[in-house]
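Asker: pasting the structure only:
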């Protein structure tokens, strides 16, 4: 369950700009602010079932976007490749170039 929540949160970070304001708000409440369905329903003025349905629909939209565009998958591949380059004794020019590319793409290595 935790892995799924983390995955949806990552997808939300990647695709939040293309979600409707309502879907963005529902997912923010649920995943970022950790509100319960009842709390979300009360905050927005909808039923608990309406909150659940909206969250599920927004999750499906995120998964559909990732399946079509693959931005998160590409970012993960870049992160892994950069990590391997930085871990090797490739010299300072290579490390500087990799760090510059990561910064330009706004990707951090954890």
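Answerer: In hand now; what should we look at? Keep in mind the model is a prediction, meaning the values are calculated, not measured.
Asker: contacts and neighbour counts: CA atoms only from here.
Answerer: Fine.
Asker: need the outlier residue of this structure, farthest from its centre.
Answerer: residue 91 (32.4 Å; C-alpha atoms, centre = their mean).
Asker: per-residue confidence for that residue?
Answerer: Per-residue confidence (pLDDT) for residue 91: 80.
Asker: tell me the domain ranges of the chain?
Answerer: Using automatic domain parsing, the domain parsing of the chain gives 2-69, 72-104.
Asker: which of those domains is buried the deepest?
Answerer: Neighbour counts (mean count of other C-alpha atoms under 10 Å) averaged over each of those peak at domain 2-69, with a mean of 15.
Asker: lowest-confidence stretch among the domains of the chain?
Answerer: Among the domains of the chain, domain 72-104 scores lowest, at a mean of 85.
Asker: any idea how far residue 74 is from residue 23?
Answerer: Going from residue 23 to residue 74 by C-alpha to C-alpha, to the nearest Å gives 24 Å.
Asker: need the contact list for residue 94.
Answerer: residue 85 (C-alpha atoms under 8 Å, 6 or more residues apart in numbering).
Asker: how much space between it and residue 105?
Answerer: 17 Å.
Asker: also residue 46?
Answerer: Residue 46 is 39 Å from residue 105, by C-alpha to C-alpha.
Asker: with residue 16 instead?
Answerer: Taking C-alpha to C-alpha, one finds residue 16 at 17 Å from residue 105.
Asker: now do the biggest helix by length in the chain: distance to the chain's middle.
Answerer: Assignment by DSSP state H gives helix 48-69 as the longest helix of the chain. Distance of helix 48-69 from the chain centroid (C-alpha atoms, centre = their mean, to the nearest Å) equals 13 Å.
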